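1. predicted structure and sequence below. I'll ask about it afterward.
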Amino acid sequence: MVNLQPNTLAMTATLAMLTSLGPLSTDFYLPSVPDIARVFNAGTAGAQATLSAFLFGFAAGQLVYGPLSDRLGRKPVLLAGFALFLAATLACALAVSIDMLIGARFMQALGASGPIVLGRAMVRDLYEGPRAGQELARMGMIMGVVPAIAPVLGGFLHDAFGWRSTFVATLGFASALALWIVLALPETIRQKLDEPMSVVAIIKGFAVLLNSAPYRVYVTLVSLAYGGLFAFISGSSFVLMGVYGLTPVQFGLSFGLGVLGFISGTILAQRMVGSVGLDRVIGLGVACLASGGTIMLALTLIGTGSSLEISVPMGLYAAGVGLTMPQ
């Protein structure tokens with residue numbers, strides 16, 4: 001049996017794959033969203049609800065996995081999240097109505113939020129201070145490959161096998177990753193908490209955070225950045241394929257420009273933050289966010305007729321996300 005060790009590429013890659021389940025689950029099926037709307041006669045809003053339901057489930061799940069794993073251990077709670085994710089992904093692949101798909105997507109997100117939360121918690125178990133930040137940055141670099149590849153691969157699968165194939169492929173990837181976790185990942189928590197889990201204590205913990213003015217400012221910036229990002233994600237397939245006539249594969253390649261922008265932003269941030277500080281990097285990121293959105297608006301009002309008027313400014317916007325979010 002393999003036993004992963006800290007400070008190895010294998011450990012970093014494994015933790016990065018845990019945090020990739022969320023991007024994989026949102027980006028992989030994007031080329032199929034217009035077809036899902038057609039098959040279930042759900043309209044644009046109904047198909048987009050499959051993404052909204054995922055985000056609601058993703059937010060809700062993050063509230064419980066940390067406190068549970070503090071008491072029960074990281075690995076058993078992580079595997080429970082995987083079990084829920086696998087069952088819900090199978091339900092997505094077998095969905096016979098848009099309502100069933102929306103509900104399955106909500107449950108899929110509840111499962112996916114576990115590996116994402118616990119992957120980062122394991123970093124804090126294994127590393128401290130700047131080393132923990134360095135590990136998170138490395139994980140981000142590896143994780144950035146997933147949303148770059150997922151829409152392109154999803155486009156090929158959709159063309160060859162239809163919309164259900166992306167969920168089948170996700171099921172296969174997550175099953176292999178879960179098996180690897182069972183066989184190779186050790187328990188990382190050093191000391192479990194003895195006191196019982198309390199909803200009141202969780203709420204009080206968030207209240208402490210919300211009483212911090214800098215925390216509220218940073219959360220607002222990240223929320224606005226993600227608001228623009230997910231406005232693009234939820235509508236991009238309808239606009240780029242329906243308005244500009246891209247094929248599912250072409251859509252995946254166009255979507256990749258945004259991913260490259262995000263990766264470029266994270267790389268630039270890592271190089272700048274040590275010399276100019278967090279807030280100046282965030283300021284540059286906000287400037288990229290504003291510029292990307294403004295340029296996209298101006299080009300679409302002019303009407304060049306090319307899909308690049310969407311994808312190129314989105315690359316600049318995504319670079320702003322990459323500069324802002326990690327800081």
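-> Cool, the structure landed.
2. and the helix or strand where Ala13 lies, what does it pack against?
-> In this structure, Ala13 sits in helix 9-19 according to DSSP states H and E. Judged by 3 or more C-beta pairs under 8 Å, 6 or more residues apart in numbering; DSSP states H and E, the packing partners of helix 9-19 are helix 98-126, helix 129-143, helix 164-184. (Glycine included, C-beta is placed from N, CA and C.)
3. then it to PDB, C-alphas only?
-> The C-alpha coordinates for helix 9-19 follow below in PDB (Å, rounded to 0.1, in the frame of the first residue of the first chain):
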ATOM      1  CA  LEU A   9       4.900  16.100  -5.600                       C
ATOM      2  CA  ALA A  10       2.500  13.100  -5.200                       C
ATOM      3  CA  MET A  11       1.000  14.600  -2.100                       C
ATOM      4  CA  THR A  12       0.700  18.100  -3.700                       C
ATOM      5  CA  ALA A  13      -0.900  16.600  -6.800                       C
ATOM      6  CA  THR A  14      -3.300  14.500  -4.800                       C
ATOM      7  CA  LEU A  15      -4.500  17.500  -2.700                       C
ATOM      8  CA  ALA A  16      -4.800  19.500  -5.900                       C
ATOM      9  CA  MET A  17      -7.000  16.800  -7.400                       C
ATOM     10  CA  LEU A  18      -9.300  17.000  -4.400                       C
ATOM     11  CA  THR A  19      -9.800  20.700  -4.900                       C
END
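4. so what touches it?
-> 4-5, 78, 115-116, 118-120, 122-123, 126, 135, 138-140, 142-143, 177, 180-181, 184-185 (C-beta atoms under 8 Å, 6 or more residues apart in numbering).
5. mind checking which of these are buried?
-> 4, 78, 115-116, 118-120, 122-123, 126, 135, 138-140, 142-143, 177, 181, 185 (16 or more other C-beta atoms under 10 Å).
6. from Cys92, how far off is the residue lying closest to Val39 once chain neighbours are set aside?
-> Computed as C-beta to C-beta, 6 or more residues apart in numbering, the closest residue to Val39 that is not its neighbour in sequence is Trp163, at 6.9 Å. Distance of Trp163 to Cys92, computed by C-beta to C-beta, to the nearest Å: 10 Å.
7. could you say which helix or strand contains Gly292?
-> Judged by DSSP H and E, Gly292 forms part of helix 278-302.
8. okay, buried residues for that helix please.
-> Result for helix 278-302 [16+ other C-beta under 10 Å]: buried residues Val281, Ile282, Leu284, Gly285, Val286, Cys288, Leu289, Gly292, Gly293, Ile295, Met296, Leu299.
9. stretch 301-321 too?
-> Under 16+ other C-beta under 10 Å, the buried positions of stretch 301-321 are 307, 309-321.
10. just name the closest of those residues to His158, please.
-> His158 lies nearest to Ser307 out of the buried residues of stretch 301-321, by C-beta to C-beta, at 18.0 Å.
11. ramachandran angles for the closest one?
-> Note on Ser307: backbone dihedrals following degrees, to the nearest 10 are phi -70, psi -20.
12. just the angle for the helix holding Ala13 relative to helix 164-184, thanks.
-> Per axes from the mean of the first three to the mean of the last three C-alpha atoms, to 10 degrees, the angle that helix 9-19 makes with helix 164-184 is 140 degrees.
13. please state the offset of the following helix or strand past helix 9-19 from the chain centre?
-> Using DSSP H and E, the helix or strand that follows helix 9-19 in sequence is helix 21-27. Relative to its parent chain, helix 21-27 has a centroid offset of 5 Å by C-alpha atoms, centre = their mean, to the nearest Å.
14. now do stretch 28-40
-> Using C-alpha atoms, centre = their mean, the offset of stretch 28-40 from its chain centre is 19 Å.
15. what is the mean pLDDT for that stretch?
-> For stretch 28-40, mean pLDDT is 90.
16. likewise for stretch 187-203?
-> Rounded mean pLDDT across stretch 187-203 is 81.
17. how long is it end to end?
-> Terminal residues of stretch 187-203 are spaced 27 Å apart (C-alpha to C-alpha, to the nearest Å).
18. quick one on the thing from earlier: mind putting the helices and strands packed on helix 9-19 into a markdown table with mean pLDDT and distance to Ser237?
-> Converted to a markdown table, those look like this (pLDDT from 0 to 100; distance: least, C-beta to C-beta, whole Å):
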| stretch | mean pLDDT | distance to Ser237 |
| --- | --- | --- |
| helix 98-126 | 93 | 15 |
| helix 129-143 | 73 | 22 |
| helix 164-184 | 95 | 12 |
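19. and those helices: which comes nearest Pro67?
-> That would be helix 98-126 among those, by C-beta to C-beta, at 10.2 Å.
20. could the helices and strands packed on helix 9-19 go into TSV alongside distance to Ser212?
-> Converted to TSV, the helices and strands packed on helix 9-19 look like this (distance: least, C-beta to C-beta, whole Å):
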stretch	distance to Ser212
helix 98-126	19
helix 129-143	20
helix 164-184	34
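21. deepest-packed of these, please.
-> helix 98-126 (a mean of 22; mean count of other C-beta atoms under 10 Å).
22. mind giving me the packing neighbours of it?
-> helix 9-19, helix 21-27, helix 43-72, helix 74-93, helix 129-143.
23. list the buried residues in the longest one.
-> When burial is assessed from 16+ other C-beta under 10 Å, helix 43-72 yields the following buried residues: 46-51, 53-55, 57-58, 61, 64-70.
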